[in-house]
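> Model the structure of this input:
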Amino acid sequence: MSPRHTTLDKMSVEVVRERPMSLISHKVNAKGREDKDDAFYVADFGNVVRQWKLWKAELPRVEPHYAVKCNDDPAILSVLNHLGAGFDCASKSEIQRILDLNVSPSRIIYANPCKQTSHVRYAAKHDVSQMTFDNETELHKIKTTYPDAELVIRILPPEDTKCQCQLGMKYGIHPNKALHLLKKAMELDLNVVGVSFHVGSGCYDATAFAAAVASARTVFDMGKEVGYHFTLLDIGGGFPGQKSAKITFEEITAQLRPALDMYFPDSMGVRIISEPGRFFAAATYHLATNIIAKRAVPIDNINDEPTFMYYLNDGVYGSFNCLLFDHAEVEPTLLDAEAYKGEKKYNCSIWGPTCDGLDCIKENWMFPELDQGDWVLFQDMGAYTMAAASTFNGMPKPKCYYMIQEKEWMALNDMDKSARSCMKKEIIRHEYDICAANATGDGIAAINIGVQ
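Here you go, the predicted model:
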């Protein structure tokens, strides 16, 4: 059955019955493609819908605010907007990108504790009032540029938290030091409304979230001592988004839910938000690369058996920047693995297309001898890949094809209607003029699944 094409916020999307790997095979073998050898992504929006349902089932009290820095592809931002997500922005550019989607400022948190003054002014001009801080200098900056901001104090997570990227070395104040900072905020007549923490990107310590929640409650009590009445808890990000993660989302929520109920019961009336990025993005995007060149070199001066060096049309300066910036691990597979079944395997290495010797994707990869033109696939390539890709040496960024399966497409439409209904109530409650007021009555605007 041929795919049905529709549009989402002017972006082309294919409504299909097949899985992403099948669609990749279809694209590779399609006739008449001028760019038939170029690397490309296939993004499965159905994964975003499934992850949204999982989040709501496991953490119904927590409002996801997607971390834009993880993957700022307009397509995934649009899908999450239609689902009713909020957004975690770290700069003027990210705030502008989200506001351009007609998102209410009340659904944005400027979650960068150390902000450029001009960016704070931009946030003030556009009523993006929620923002984090962790030092006294930042308080004086905000007092000067945005005195009406709704501030959230960022505290350090537990010191022994295990994660891919430690954020505590750069941001967050130790809970023991928070009282002094809150007193300074009160002295400056600034409005502190809550507490935030981030256990670290790619956390694989289920107990870290519960421990951080306990610390946050301590700081809530400090706020009360100073004279504040906090109403917001931001539990940050760090949630796994793919099956290959060292820990499952459910293992984390099994620890997190009881902690939230113990330290922040419903009766407190505290709004709880989060900043998941890879949870929604990681397993949504899959990358197809082509072997553009090949070298056979001897293992050493004694052994004549070769080792093979394969050069792909994407690399560390492109989608695989995640190897450097996110400490990611990638696992290559072959599109046509059946053709090489049973053949002798060699020690190989995989390289990107640039002239830089650091552009190495993977070493010590045991695989059969491959040919130029073969396709090498990488799944779960949505987190911290596209967002930081460059065009170093003039190498182009891969195109992206968007897809969604029929059942998820229907669910997305249903959830969009529900989200817009909630947004209309939000307009009445907060007197914001947001996009829901101008949305059509028949679900999502058309999704044009095509190429970006």
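> So which residue is dead centre in this protein?
G277 (2.5 Å; C-alpha atoms, centre = their mean).
> Let's test this: mean pLDDT of the longest strand along the chain, rounded?
With secondary structure taken from DSSP state E, the chain has its longest strand at strand 285-298. The pLDDT scores in strand 285-298 average 93.
> In terms of secondary structure, what does that strand contact?
Here strand 285-298 touches helix 20-29, strand 40-44, strand 306-312, strand 375-378, going by 3 or more C-beta pairs under 8 Å, 6 or more residues apart in numbering; DSSP states H and E. Every residue, glycine included, has its C-beta placed from N, CA and C.
> want to throw these into JSON lines with distance to P74 and mean pLDDT?
Formatted as JSON lines, the helices and strands packed on strand 285-298 follow (distance: least, C-beta to C-beta, whole Å; pLDDT from 0 to 100):
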{"stretch": "helix 20-29", "distance to P74": "19", "mean pLDDT": "88"}
{"stretch": "strand 40-44", "distance to P74": "11", "mean pLDDT": "94"}
{"stretch": "strand 306-312", "distance to P74": "26", "mean pLDDT": "93"}
{"stretch": "strand 375-378", "distance to P74": "22", "mean pLDDT": "96"}
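> V68 is nearest to which of these?
strand 40-44 (16.0 Å; C-beta to C-beta).
> So which residues make contact with the closest one?
20, 23-24, 27, 73, 75-76, 284-288, 319, 381-382, 386, 398-405 (C-beta atoms under 8 Å, 6 or more residues apart in numbering).
> hmm, which of those are the buried ones?
20, 23-24, 73, 75-76, 284-288, 319, 381-382, 386, 398, 400-405 (16 or more other C-beta atoms under 10 Å).
> follow-up on the earlier one: quick check: phi and psi on the residue nearest to the centre of the chain?
Here is the backbone geometry of G277 (degrees, to the nearest 10): phi -120, psi -70.
> tell me the contacts of it?
66-67, 69-71, 88, 201, 237, 383-384.
> quick one, strands of the stretch 1-150 of the chain?
Using DSSP state E, counting those that start in this stretch, the strands of the stretch 1-150 of the chain run over residues 4-8, 11-16, 40-44, 62-67, 86-89, 108-110, 130-133, 150-155.
> And the stretch 151-300 of the chain, by the same measure?
Under DSSP E, counting those that start in this stretch, the stretch 151-300 of the chain gives strands at 163-165, 191-197, 201-203, 232-234, 271-274, 285-298.
> Tell me which of those lies nearest to I153.
Nearest to I153 among the strands of the stretch 151-300 of the chain is strand 191-197 (5.5 Å), distances taken as C-beta to C-beta.
> circling back to that earlier point, among the strands of the stretch 1-150 of the chain, single out whichever gets nearest to L260.
Taking C-beta to C-beta, strand 62-67 is the member of these nearest to L260, at 7.5 Å.
> in its sheet, what does the closest one sit against?
Applying DSSP bridges to the sheet, strand 62-67 is found paired with strand 86-89 (parallel), strand 271-274 (parallel).
> neighbouring contacts of it?
Under C-beta under 8 Å, 6+ apart, the answer for strand 62-67 is 52, 55, 76-77, 80, 85-88, 107-109, 111, 234-235, 237, 260, 271-277, 279-280.
> what's the answer for stretch 111-119, then?
Residues contacting stretch 111-119 (C-beta under 8 Å, 6+ apart): 65, 67, 88-92, 95, 110, 131-135, 138, 141, 145, 152, 154, 171-172, 196, 234, 275.
> which ones are touching A288?
A288 neighbours (C-beta under 8 Å, 6+ apart): 24, 27-28, 39-42, 335, 375-377.
> Please indicate which of those are buried?
24, 28, 39-42, 335, 375-377.
> number of nearby residues for E136?
E136: 14 surrounding residues under other C-beta atoms under 10 Å.
> Any idea how far apart the tips of stretch 80-88 sit?
Start-to-end span of stretch 80-88 (C-alpha to C-alpha, to the nearest Å) is 12 Å.
> oh, I was asking about stretch 317-337
One end of stretch 317-337 sits 27 Å from the other (C-alpha to C-alpha).
> in terms of contact, does A206 touch E251 like I think?
Yes - A206 is within contact range of E251, at 4.8 Å (criterion: C-beta atoms under 8 Å).
> Comparing the two, which shows the higher neighbour count?
Neighbours per residue, other C-beta under 10 Å: of A206 and E251, the larger number sits with A206, 18 against 15.
> Let me know the pLDDT of the more buried one.
Reading off the model, A206 has pLDDT 83.
> wait, what's in contact with it?
By C-beta under 8 Å, 6+ apart, the neighbours of A206 are 247, 251-252, 254-255.
> Tell me which of these fall in helices.
251-252, 254-255 (DSSP state H).
> Which among those count as buried?
Buried among the ones in helices among the contacts of A206 by 16+ other C-beta under 10 Å: 252, 255.
> CSV for the ones in helices among the contacts of A206, including pLDDT and distance to L179?
Output for those, formatted as CSV (pLDDT from 0 to 100; distance: C-beta to C-beta, whole Å):
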residue, pLDDT, distance to L179
E251, 94, 33
I252, 95, 29
A254, 96, 32
Q255, 94, 27
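> of the ones in helices among the contacts of A206, closest to H327?
Proximity of those to H327 (C-beta to C-beta) peaks at I252, which lies at 18.9 Å.
> Would you confirm that that closest one contacts T207?
No - at 9.3 Å, I252 does not count as touching T207 under the criterion of C-beta under 8 Å.
> Look at Y340 and report its pLDDT.
For Y340, the model assigns a pLDDT of 88.
> likewise the one 5 residues further on?
pLDDT, K345: 91.
> for I291, what are its contacts?
310-312, 370-376.
> go on, W52?
By C-beta under 8 Å, 6+ apart, W52 lies in contact with 64, 80, 83, 85, 280, 415.
> Now do the closest residue to F197 other than its chain neighbours against D127, distance only.
Excluding its sequence neighbours, the residue lying closest to F197 (C-beta to C-beta, 6 or more residues apart in numbering) is A212, at 4.6 Å. In this view, A212 and D127 are 29 Å apart by C-beta to C-beta, to the nearest Å.
> what's the answer for D326, then?
Separation of D326 from D127 (C-beta to C-beta): 32 Å.
> Give me the more crowded residue out of those two.
D326 (19 against 13).
> From what I see, the more buried one and G241 are in contact.
No - D326 lies out of contact with G241 (C-beta under 8 Å); the separation is 11.9 Å.
> That's all I had, so thanks and see you.
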